[in-house]
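Novice: could you work out the structure for the sequence below:
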Amino acid sequence: DRRRPTQNQQPPQPTDPFVEHAVRTSLISFLDKRLLVVLRDGRNIIGDLRTFDRNANIVLVDACEREVVGKYYTDSKESGVYLIRGDNVVMMGDVDPKMERLLEPVTKETLQKKAEELKSKGKPTAPKAFEDD
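Specialist: Next up is the predicted model:
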C-alpha cells in the first residue's frame, strides 16, 4: 500500500534495521570524544563528534584538517564545524592523548620539507586518496 505522505510526514526510508542498529550502537560510544577521521580523498579531519545519523553521516565540532608526515604534523588554522557524509569516511577512531603527545607540531613549510626528505630516502608517505574498487 503506497500512500502519499502528508505535509507533516516524512516518506518512508528504505533501510535495513540491522544496519541502522549497527551504526547507532557503534558510533554512540564515540559521542563527544575527540576523533580522527580519514576521508576517501586522503584528508584527515580531527574534531569532537557531536552527532550522527543512520547513514553514518557525522558532525564534528572544533574540527580542523590535520596533515601528518612521520612523527610531525600540522593542523589547519580554521577550526569549525564539519558535516561529513558517511560514504566519504574510510576509517575513524578516537584520539589517544598519550599517542598524540608523541607527535611534534610543526609549520606547514617544515612539514613539506620533512615529506621531501622521506620521499628522497624512498620511504612511504601518507596515501593521497582511497579509490573505490
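Novice: now do the helices in the chain.
Specialist: Under the criterion DSSP state H, the chain contains helices at 17-28, 97-100, 108-120.
Novice: those helices: which one's closest to Glu65?
Specialist: helix 108-120 (11.0 Å; Cβ to Cβ). Where you see a C-beta, it was placed from the backbone N, CA and C, and this is true even at glycine.
Novice: buried ones in that closest one?
Specialist: Along helix 108-120, these residues count as buried under the neighbour rule (16 or more other Cβ atoms under 10 Å): Leu111, Lys114, Ala115.
Novice: with distance to Lys71 added, can I get the residues you listed in a markdown table?
Specialist: Below are the buried residues of helix 108-120 laid out as a markdown table (distance: Cβ to Cβ, whole Å):
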| residue | distance to Lys71 |
| --- | --- |
| Leu111 | 11 |
| Lys114 | 9 |
| Ala115 | 12 |
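Novice: go through the residues you listed and name the one nearest Leu35.
Specialist: Nearest to Leu35, judged by Cβ to Cβ, of the buried residues of helix 108-120 is Leu111 at 21.5 Å.
Novice: Arg66 is in contact with that closest one, correct?
Specialist: No: assessed by Cβ atoms under 8 Å, Leu111 is found out of contact with Arg66, at 10.4 Å.
Novice: which residues do those two both contact?
Specialist: Common contact partners of Leu111 and Arg66 (Cβ atoms under 8 Å, 6 or more residues apart in numbering): Tyr73, Thr74.
Novice: what's the closest of the helices of the chain to Leu36?
Specialist: Nearest of those (Cβ to Cβ): helix 97-100, 9.2 Å.
Novice: off-centre distance for that closest one?
Specialist: Remark: helix 97-100 is offset 18 Å from the chain centroid, using Cα atoms, centre = their mean, to the nearest Å.
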